[in-house]
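J.: dropping a prediction and its sequence here:
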Amino acid sequence: MAQTPCLFVNEGETLDYLASEDKLAGDVVVIGSDCHIVARAIDYSENALGAVHNGKLWDVPQKAEVIAAGTKVYWDADGDPYDGTAGSGAATATAGDNVLMGTAAPVQPNDTAATAADDCYVRIVRPDHGLNVATLAGSMTADDITGSDAVLSITGEAGSGGAGGTVPIAGGAGDTDEAGGATSLTGGAGNGTGDGGTSSVVGGTGGATGDGGAVALTGGTPGATSGTGGAVAIAGGGSAAGTNYAGGATSLTGGAGKGTGAGGANAIAGGAGGVTGAGGAITITGGAGGSTSGANGTVAITGGVSASTGNIAGGATSVTGGAGKGSAAGGASSVVGGAGGTTGAGGAVALTGGAGGATSGTGGAVTITGGAGTNGDADGGAVTITGGALEGSGANGAVNIAADKATTVTIGYASGVLKIVGLPTSDPSVANQVWSDSSVLTLSAG
């Protein structure tokens, strides 16, 4: 099958240009995302068709600035030329919203390698092809992509009757037992006292009635026959300074609700186990203190505080073991104080009701309740409070109930059974200690 042949037009030194107003030879015009220089005067009232030069070496009116050889030069359509009418347009080395024209030539009109701020013109080299590419059809291979403007945008194709196009960023595949290539999203380095650039991963805005786009951070899938799934790590930046600088914080915050809508939830869930594998654990650990001093980081889980001035309860916090399946027990919930150092005490565990309001309000109660039996003749869950076991010649840990306050202590429940075991059967001679005198509870006089 024969191709349809192409038709030769011209050598391409000039390009046809349809003007929308009168133009002088040498005027700069912006066409799409590129700019050109008018080849000859155009009288729009007689014929709008003219020509613009493609490529070559040009002296272009410049702003009052220094432009070095090899610098990218841009056209500012509203710029002020050094020796010309303010706002009539001028060349500049500042990208901003300006249009790339070319590159500053090795030798400038002043016979040096850079213009001076009081030079009228900058000499630029314009290649004989477009400088700003708006669209690349198909695939592109490159070593580096660097923005020549203030913003480098990579955008998926707009949907036409369907979803918008995706933008995948993927590291290269590894070869013969080598790791795949990493992908990095890194904010630019700050200069002097400037902060580093922010990196944002933001789901797309929903349509009029659509949900906002989700953001998913997912570790890679392991190999087909073995290998662990890829980890996902979110870590605040470590300080590069010499001393006394805090590491960067990390925050997971649900989106703010609007009107009567609830705020967005935060969910941290361990991965589901395989057919016979355990579910993934979740660990929240405060940061380690410094090598020579500094307290270890605390972990705080706090219910939300309402922004309203009305009578709104604070947000609850829950630690709940997972539900069991079949005849298996539900998952345990543990609050365990940290192990002590070589000679240090173990960490305490405190369950404390919330403080009452500033002007009134009862302090919050603390309730420890065994789980209710839910089927047939099932027993309720036991509640056990036990002092820690001794080691060597140390004493077992004490259990104290209202040891430091004058208060009422109630033990027993309706028709329940109260058992006190392990009582001494002879007077211990310790004031107020309970002992069993022939099965009669007795307080020792000391």
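T.: Structure received. Residues are numbered from 1 along each chain as shown.
J.: identify the residues contacting stretch 200-211?
T.: For stretch 200-211, contacts defined as Cβ atoms under 8 Å, 6 or more residues apart in numbering pick out G164, L185, G212, G213, A214, V215, L217. Every C-beta, even on glycine, is put in place using the N, C-alpha and C of the backbone.
J.: one more time with 10 Å
T.: For stretch 200-211, the external contacting residues (Cβ atoms under 10 Å, 6 or more residues apart in numbering) are G156, G164, L185, G187, G212, G213, A214, V215, A216, L217, G255.
J.: again with stretch 377-395
T.: 330, 337, 346, 368-374, 396-401.
J.: nearest to A91, of those residues?
T.: Closest approach between these and A91, by Cβ to Cβ: G337, at 69.9 Å.
J.: coming back round to it: pull the most distant pair out of the contacts of stretch 200-211.
T.: When these are compared pair by pair using Cβ to Cβ, the farthest-apart members prove to be G164 and G187, with a separation of 25.2 Å.
J.: could you dump the contacts of stretch 200-211 into TSV and include neighbour count and pLDDT?
T.: Formatted as TSV, the entries for these read as follows, by neighbours: other Cβ atoms under 10 Å; pLDDT from 0 to 100:
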residue	neighbour count	pLDDT
G156	12	74
G164	13	75
L185	8	78
G187	11	77
G212	13	77
G213	12	78
A214	7	78
V215	10	79
A216	8	79
L217	8	78
G255	12	75
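J.: kindly reformat those as a markdown table containing secondary structure and distance to P81.
T.: Conversion of the contacts of stretch 200-211 to a markdown table gives the following (DSSP: H, G, I helix; E, B strand; the rest coil; distance: Cβ to Cβ, whole Å):
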| residue | secondary structure | distance to P81 |
| --- | --- | --- |
| G156 | coil | 40 |
| G164 | coil | 42 |
| L185 | coil | 41 |
| G187 | coil | 36 |
| G212 | coil | 47 |
| G213 | coil | 46 |
| A214 | coil | 51 |
| V215 | coil | 47 |
| A216 | coil | 51 |
| L217 | coil | 50 |
| G255 | coil | 49 |
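J.: now the helices: where do they sit in the protein?
T.: With DSSP state H, there are no helices along the chain.
J.: just the pLDDT for the nearest residue to G79 once chain neighbours are set aside.
T.: Counting by Cβ to Cβ, 6 or more residues apart in numbering, G79 lies nearest to A90, which is 3.5 Å off, once chain neighbours are set aside. If you check A90, the pLDDT there is 93.
J.: and Y121, how many neighbours does it have?
T.: The burial count assigned to Y121 is 19, neighbours taken as other Cβ atoms under 10 Å.
J.: contacts only, for it.
T.: Counting by Cβ under 10 Å, 6+ apart, Y121 touches 58-62, 81-83, 90-91, 108-110, 115.
J.: put the buried members of the residues you listed into a PyMOL selection.
T.: Here the buried members of the contacts of Y121 are turned into a PyMOL selection, burial being counted by 16 or more other Cβ atoms under 10 Å:
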select buried, resi 58+59+60+61+62+81+82+90+91+108+115
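J.: with respect to G259, which of the contacts of Y121 is nearest?
T.: Each of the contacts of Y121 was checked against G259 using Cβ to Cβ; the closest is A90, at 50.4 Å.
J.: residues touching that closest one, list them.
T.: Under the criterion of Cβ under 10 Å, 6+ apart, the neighbours of A90 are 28, 60-65, 74-82, 84, 98, 120-122.
J.: doesn't L423 make contact with V434?
T.: Yes - the pair V434 and L423 passes the contact test of Cβ atoms under 10 Å, sitting 6.1 Å apart.
J.: where do the contact lists of those two overlap?
T.: Shared contacts of V434 and L423 (Cβ under 10 Å, 6+ apart): L441, T442.
J.: out of the contacts of stretch 377-395, which are buried?
T.: Applying 16+ other Cβ under 10 Å to these, the neighbour count classes none of them as buried.
J.: what's near enough to touch the closest residue to G354 other than its chain neighbours?
T.: The spatial neighbour of G354 that comes closest, neighbours along the chain excluded (Cβ to Cβ, 6+ apart), is G364 at 3.7 Å. When contacts are counted by Cβ under 10 Å, 6+ apart, G364 touches G314, T352, G353, G354, A355, G356.
J.: now tabulate the contacts of stretch 200-211 in CSV and tack on distance to A39.
T.: Output for these, formatted as CSV (distance: Cβ to Cβ, whole Å):
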residue, distance to A39
G156, 38
G164, 41
L185, 45
G187, 45
G212, 51
G213, 48
A214, 53
V215, 51
A216, 54
L217, 54
G255, 56
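J.: so which of those residues is the closest to T103?
T.: The shortest separation between T103 and any of the contacts of stretch 200-211 is 28.4 Å, and it belongs to G187 (by Cβ to Cβ).
J.: pretty sure that closest one contacts G194?
T.: No - the pair formed by G187 and G194 falls short of the contact definition of Cβ under 10 Å, at 11.3 Å.
J.: please report phi then psi for I268.
T.: When read as degrees, to the nearest 10, the backbone of I268 gives phi -120, psi 110.
J.: ok, it to G280 distance?
T.: When distances are taken as Cβ to Cβ, to the nearest Å, I268 and G280 turn out to be 11 Å apart.
J.: neighbour count winner among the two?
T.: With neighbours defined as other Cβ under 10 Å, I268 and G280 compare such that G280 has more, 12 against 7.
J.: number of residues surrounding the residue lying closest to that one once chain neighbours are set aside?
T.: Closest residue to G280 apart from its sequence neighbours, by Cβ to Cβ, 6+ apart: G270 at 3.4 Å. Residues lying near G270 (other Cβ under 10 Å) number 12.
J.: just G180 next, same as before
T.: When neighbours are defined as other Cβ under 10 Å, G180 has 13 of them.
J.: excluding its backbone neighbours, what's nearest it?
T.: G180 sits nearest to G174 (Cβ to Cβ, 6+ apart), 4.6 Å away.
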